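[1] Kindly return the folded structure for what I paste below:
(chains A and B)
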Amino acid sequence: MMFVRSFVFFLGVLATVFFGWAALVGIPDAMISEIPPPEDLPRYTDVQLFGRKIYIREGCLYCHSQQVRPEGFGSDDDRFWGRPSVPGDYVYDKPHLLGTMRTGPDLMNIGVRQPSVDWHLIHLYNPRLVSPGSIMPPYPWLFNEKPSAGPNERVLTLPDSIAPKGNVVVATEEATALTEYLLSLNRSYPVRQ
Amino acid sequence: MPRRKSDVAGSHAEFKSRDAHADEHLRISIDDSARTPTVFYFATAVGWLVVGTIAGVITSLKFNLPDFLGDIPALTFGRIRPVHLNTVMYGWASLAGAGMIVWLTARLCRVPLQWGWLQYLAAIFWNLGVLAGTVAILTGYSQGLEWLEFPTFAGALIAGGFLLFAASIVQTFRKRNVEHLYVSLWYIMASLLWFPVLYVVANLGIYQGVVEAAMNWWYGHNALATWFTPIGLAGAYYFIPKVIGRPIYSYYLGLLGFWAFALFYNWNGIHHLVGGPLPTWLVTVSIVASVMMVVPVMAVAVNHHMTTVNHFRMLRFSPTLRFVVFGSMCYTAVSFQGSLESIRSIQEVAHFTHYTIGHAHLGVYGFLTMILFGAMYYIIPRLAKWEWPYPGLIKVHFWSTAIGIAVYVTALSIGGWFQGIEMNDPSIPFLDVVRNTQPYLWARSASGVLILVGHLIFAYQFFVVIKRAGPRRFAPALFREPAPLEPATTEEQRP
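    Numbers count the residues shown, from 1 in each chain, chains lettered A, B, ... in the order given. Now for the predicted structure:
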């Protein structure tokens, strides 16, 4: 009797977690992996993937989502964050970066909205230089201070009050890769909803 | 050994028979068997609690002062925030829960802890896992999935630790000397089955794109369902009747609550992706399951309330009871809030805002952490054979954390709600939305500091007791002297 009861207990308990997995992960996986990648969605380049790693390393995802909600659900459309996202938009994303917080704006289409490399670099160096009142963190370690820039290096144009005396601030590979990644965030190609 | 009111409550001193003597003997040998593992789990848990709280306060201050510690890569917002989450969940709550489970299982099975040496290995693996994972995040090696930031090797250490821990608990369960399995044991045994499955599947890294997002929130919410909430409920089901000295109100409500919990909670996770790029039916299934959580929550709430009713005056003197009852009230509140919050029209506002953060803390702090504090106030003196030396500090601990979490949740609920409303109004520039959250975020930082003060006081007294230092007391530390207790009446259903 005791044995039967324990058996039913263990089986029942395992069944609940299994069915939860099947419904929430297993079945969606079977359905969604059938969908072919959108034709107009390019794969990430190596530099973009490196930039994506920096995005993960610095935890941008804790303040920025990458998912646009449909019209009539929030104001994503009116804020020009892009068309509603579909599963196909994410086929090359690993790990996924959908996010759960919007302390900052959604970045699903930031490459469309803000195509300026210089803007992104200054913003990453210190967000308050271009967005007064922003609470985004600064990322000075993505930049180097040196007496003069090398041939292929990008120099930041900083206001005099901030610019280091006698030195220039140049973007590291990490900063330029991160910016390339941000510019690649462009899901404006048409899809069937 | 000094006798304690709540132990006496079950077997009134005057009627002490040979059985009662044997009982006491058994209790002592059980406590002896669980002593070192439980204290080791608790001590490391308290260490992680302090680390995690400091990380939390730094995270919060960065919202107010974004340039604060702004040029130290390891302390940037996006690293210190996941360090906070992972240290308090896998360090503090998990290790404290494991310590409680070790002692509780032995007590409820009425048998000394079996294979206790496995618990040392488990605790060491687990702590190394949390340490390695934390260092990895700080140095930039996060996996980038919320709740799963720890890299695989750290995850493997934790999973290995969990399996060793579970093996010893299951063996203790198999050697049990009881016919009747008390409710707390159901939750404990279920979590031992659920959590390893969940944790291992989630760490395999076999998914990609939106399916990975679904997996991520299946895991994130189920970590609560299969591990953290069972710890809290097992504690509440044990300590409330134990301290009051009455049996739990209804066995059948307990049964209903357990199975409804097991059925519905597992399906909740995708409500974290309402409005996201997932099939509508999937999100709907999760919303329905989240609303159905009202059933198990009502069952638990009624059961605990009916057990406590007429005994609320005991909250005035028993620290354990006060922390645990506070925790179980938060459980009811946070669960109803969660059911409501999953509904689309509420999610439209609350999702992506600080409101959700407030909700998470009401659950993991108001409910789980407060119950763990209550459990520790009960268990430690029995293991250390040393009473808490400073009842006044327990009072300060209670009020700083209770007021702290109340301010925390209120500030973020109101601030987050306005943030959501404003964000949904495209005529308000985004930076204005950001600016308008500041007063609430300052209030949250203040509450965080208050909570940190409470934790430091608790940690101090914890280490004093463990070292058996401080003034020696021969009666349990109470907030004030209690009125006389009535003896309990029925044998069944009493933990």
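
[2] make it CA atoms for all contacts and neighbour counts henceforth
    OK.

[3] continuing past the longest helix anywhere in chain A, what's the next helix or strand?
    The longest helix of chain A (DSSP state H) is helix A:2-21. Next helix or strand after helix A:2-21 toward the C-terminus (DSSP states H and E): helix A:27-32.

[4] Check whether the longest helix of chain A comes near chain B.
    Yes. Counting by Cα under 8 Å from any Cα of the partner chain, chain B is contacted by helix A:2-21 at A:10, A:13-14, A:16-17, A:20-21.

[5] ranking the residues you listed by neighbours, who comes first?
    When neighbours are taken as other Cα atoms under 10 Å in any protein chain shown, the top entry among the residues of helix A:2-21 next to chain B is A:Val17 (24 neighbours).

[6] Just the CA coordinates for the helix or strand bottoming out on mean pLDDT in chain A, please, in PDB.
    None of the helices or strands of chain A scores lower by mean pLDDT, DSSP states H and E than helix A:2-21, at a mean of 82. C-alpha atoms of helix A:2-21 as PDB (Å, rounded to 0.1, in the frame of the first residue of the first chain):
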ATOM      1  CA  MET A   2       2.700   2.400   1.100                       C
ATOM      2  CA  PHE A   3       4.700   1.300  -2.000                       C
ATOM      3  CA  VAL A   4       1.800   1.900  -4.400                       C
ATOM      4  CA  ARG A   5       1.200   5.300  -2.900                       C
ATOM      5  CA  SER A   6       4.900   6.400  -3.200                       C
ATOM      6  CA  PHE A   7       4.900   5.100  -6.700                       C
ATOM      7  CA  VAL A   8       1.800   7.100  -7.700                       C
ATOM      8  CA  PHE A   9       3.400  10.100  -6.000                       C
ATOM      9  CA  PHE A  10       6.700   9.900  -7.800                       C
ATOM     10  CA  LEU A  11       5.000   9.200 -11.200                       C
ATOM     11  CA  GLY A  12       2.500  12.000 -10.700                       C
ATOM     12  CA  VAL A  13       5.200  14.500  -9.700                       C
ATOM     13  CA  LEU A  14       7.400  13.600 -12.700                       C
ATOM     14  CA  ALA A  15       4.400  13.700 -15.100                       C
ATOM     15  CA  THR A  16       3.600  17.300 -14.000                       C
ATOM     16  CA  VAL A  17       7.100  18.600 -14.900                       C
ATOM     17  CA  PHE A  18       7.200  16.600 -18.100                       C
ATOM     18  CA  PHE A  19       3.900  17.900 -19.400                       C
ATOM     19  CA  GLY A  20       4.900  21.400 -18.500                       C
ATOM     20  CA  TRP A  21       8.100  21.000 -20.600                       C
END
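
[7] From the chain's centre, how far out is that helix? Work that out for me.
    Centroid separation for helix A:2-21 versus its chain: 40 Å, with Cα atoms, centre = their mean, to the nearest Å.

[8] which residues are in contact with that helix?
    B:190, B:193-194, B:218, B:262-263, B:266-267 (Cα atoms under 8 Å, 6 or more residues apart in numbering or on different chains).

[9] Would you convert those residues into TSV that also reports distance to B:His359 and neighbour count?
    Formatted as TSV, these follow (distance: Cα to Cα, whole Å; neighbours: other Cα atoms under 10 Å in any protein chain shown):
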residue	distance to B:His359	neighbour count
B:Ala190	25	20
B:Leu193	27	18
B:Trp194	24	24
B:Trp218	18	26
B:Ala262	21	26
B:Leu263	22	20
B:Asn266	19	28
B:Trp267	19	29
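
[10] Show me the domain layout of chain A.
    A:1-34, A:45-184 (automatic domain parsing).

[11] Check which residues of the shortest one are buried.
    Of all the residues in domain A:1-34, those buried under the rule 16 or more other Cα atoms under 10 Å in any protein chain shown are A:9, A:12-14, A:16-18, A:20-21, A:23-26, A:28-29, A:32-33.

[12] quick check, A:Val170 in a strand?
    Yes. Counting by DSSP: H, G, I helix; E, B strand; the rest coil, A:Val170 falls inside a strand.

[13] A:Asn144 is in contact with that one, correct?
    Yes. Assessed by Cα atoms under 8 Å, A:Val170 is found in contact with A:Asn144 at 5.3 Å.

[14] Of the two, which one has the most company?
    A:Val170 (21 against 14).

[15] Could you measure from the residue lying closest to that one once chain neighbours are set aside over to chain B?
    Among residues not flanking A:Val170 along the chain, A:Val155 sits closest, at 4.5 Å (Cα to Cα, 6 or more residues apart in numbering or on different chains). Separation of A:Val155 from chain B (Cα to the nearest Cα, to the nearest Å): 19 Å.

[16] Run a quick neighbour tally on A:Val155.
    19.

[17] That one: what's it in contact with?
    A:Val155 makes contact with A:149, A:168-171, according to Cα under 8 Å, 6+ apart.

[18] out of those residues, which one sits closest to A:Arg57?
    A:Ala171 (17.4 Å; Cα to Cα).

[19] That closest one and A:Glu153 touch, don't they?
    Yes. Assessed by Cα under 8 Å, A:Ala171 is found in contact with A:Glu153 at 6.8 Å.

[20] Now the stretch 51-200 of chain B against chain A: closest residue?
    Residue of the stretch 51-200 of chain B nearest chain A, by Cα to the nearest Cα: B:Gly78 (3.7 Å).

[21] host element of that residue?
    According to DSSP H and E, B:Gly78 maps onto helix B:77-86.

[22] now that helix, how far from the centre of its chain.
    Centre-to-centre, helix B:77-86 and its host chain are 19 Å apart (Cα atoms, centre = their mean).

[23] Repeat that for stretch B:304-317.
    The answer for stretch B:304-317 is 21 Å, by Cα atoms, centre = their mean.

[24] touching chain A at all, stretch B:130-147?
    Yes. Using Cα under 8 Å from any Cα, we find that stretch B:130-147 touches chain A at B:137, B:140-145.

[25] Filter those down to just the ones in helices.
    Per DSSP H, helices hold the following members of these: B:Ile137.

[26] Which members of the residues of stretch B:130-147 next to chain A are the farthest-apart pair?
    Spatial extent of the residues of stretch B:130-147 next to chain A (Cα to Cα) is set by the pair B:Gly140 and B:Leu145 at 13.2 Å.

[27] where's A:Ala149 relative to chain B, distance?
    Counting by Cα to the nearest Cα - A:Ala149 and chain B are separated by 22 Å.

[28] ends of stretch B:307-326, how far apart?
    This stretch, stretch B:307-326, spans 14 Å end to end (Cα to Cα, to the nearest Å).

[29] same thing with stretch B:173-182?
    Stretch B:173-182 has its terminal residues 12 Å apart, counting by Cα to Cα.

[30] now swap in stretch B:65-81 and tell me
    15 Å.

[31] would you list the contacts of A:Val155 in a markdown table and tack on distance to A:Gly111 and pLDDT?
    Formatted as a markdown table, those follow (distance: Cα to Cα, whole Å; pLDDT from 0 to 100):
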| residue | distance to A:Gly111 | pLDDT |
| --- | --- | --- |
| A:Ala149 | 26 | 88 |
| A:Val168 | 27 | 93 |
| A:Val169 | 24 | 94 |
| A:Val170 | 22 | 95 |
| A:Ala171 | 19 | 96 |
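
[32] Distance to B:Asn222 for the residues you listed - can I get that in JSON lines?
    JSON lines is the format used below for the contacts of A:Val155 (distance: Cα to Cα, whole Å):
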{"residue": "A:Ala149", "distance to B:Asn222": "51"}
{"residue": "A:Val168", "distance to B:Asn222": "50"}
{"residue": "A:Val169", "distance to B:Asn222": "46"}
{"residue": "A:Val170", "distance to B:Asn222": "45"}
{"residue": "A:Ala171", "distance to B:Asn222": "42"}
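
[33] Great, nothing more from me.
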